[in-house]
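[1] Test case, fold it:
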Amino acid sequence: MDLVIGDPRHGRVEISVDRERGVVDVSSHSLPNATMMRREGSVAGDPSPIGTRDPRQIVLTVGDESGRVVPGTGFATRRSYRVGVEFRDASYAFEPVSESLTRFSRNGTEFAVFERTPLGSIEASWTSRAPLTPGEAALGYSLIGAYGVGSPGMLKSIIGHGGSPF
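    Okay, the predicted model is just below:
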């Protein structure tokens, strides 16, 4: 599955997702390459595109730097779909706020909101509250590929009507 996003700040961003192998690749002329993947030999056990919410099974690389990904359980509440990342001596949060919106923040300061439109495309709105590096933008896009944008509410999660992976 591939997704192409026209980012207002970073231009064309391509997100490639291989669900079978559990690999998400982000590429763009203006961003460093980013890859998030399940460790070799691990088995998919989660409906997310990357196939796992076990932090021990996730490898993250942005450019030549690595980070640690800690996803929530992804069950019932929107907050359970939150994904935390430790990267470059900072803490990042990728937090769904509705069925179609996810907030992206660093050390508690929001710097982007990602929206899944009714037609399924993804739009990025970058704030000017915090400076953003190209590596951080690539990180945000890798999280979109691995865990999607937005999350279902509690009732939909419990009865199993999750929604779009992007």
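[2] got the CA positions of stretch 13-25 in PDB?
    Only the C-alpha atoms of stretch 13-25 are listed here, as PDB (Å, rounded to 0.1, in the frame of the first residue of the first chain):
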ATOM      1  CA  VAL A  13       6.100  12.800   0.700                       C
ATOM      2  CA  GLU A  14       5.700   9.100  -0.200                       C
ATOM      3  CA  ILE A  15       4.800   6.500   2.400                       C
ATOM      4  CA  SER A  16       5.200   2.900   1.400                       C
ATOM      5  CA  VAL A  17       3.600   0.200   3.600                       C
ATOM      6  CA  ASP A  18       4.300  -3.500   3.300                       C
ATOM      7  CA  ARG A  19       1.900  -5.100   5.800                       C
ATOM      8  CA  GLU A  20       3.100  -8.600   5.200                       C
ATOM      9  CA  ARG A  21       6.700  -7.700   6.200                       C
ATOM     10  CA  GLY A  22       5.700  -5.000   8.700                       C
ATOM     11  CA  VAL A  23       7.800  -2.300   7.000                       C
ATOM     12  CA  VAL A  24       6.900   1.400   6.600                       C
ATOM     13  CA  ASP A  25       9.200   3.600   4.400                       C
END
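[3] from the chain's centre, how far out does it sit?
    Relative to its chain's centre, stretch 13-25 lies at 11 Å (CA atoms, centre = their mean, to the nearest Å).
[4] Quick one: mean pLDDT for the longest helix belonging to the chain?
    With secondary structure taken from DSSP state H, the chain has its longest helix at helix 134-147. Helix 134-147 comes out with an average pLDDT of 94.
[5] cool, and stretch 65-80?
    pLDDT averaged over stretch 65-80 gives 85.
[6] Now do that stretch: distance from first to last residue.
    End-to-end distance of stretch 65-80 (CA to CA, to the nearest Å): 27 Å.
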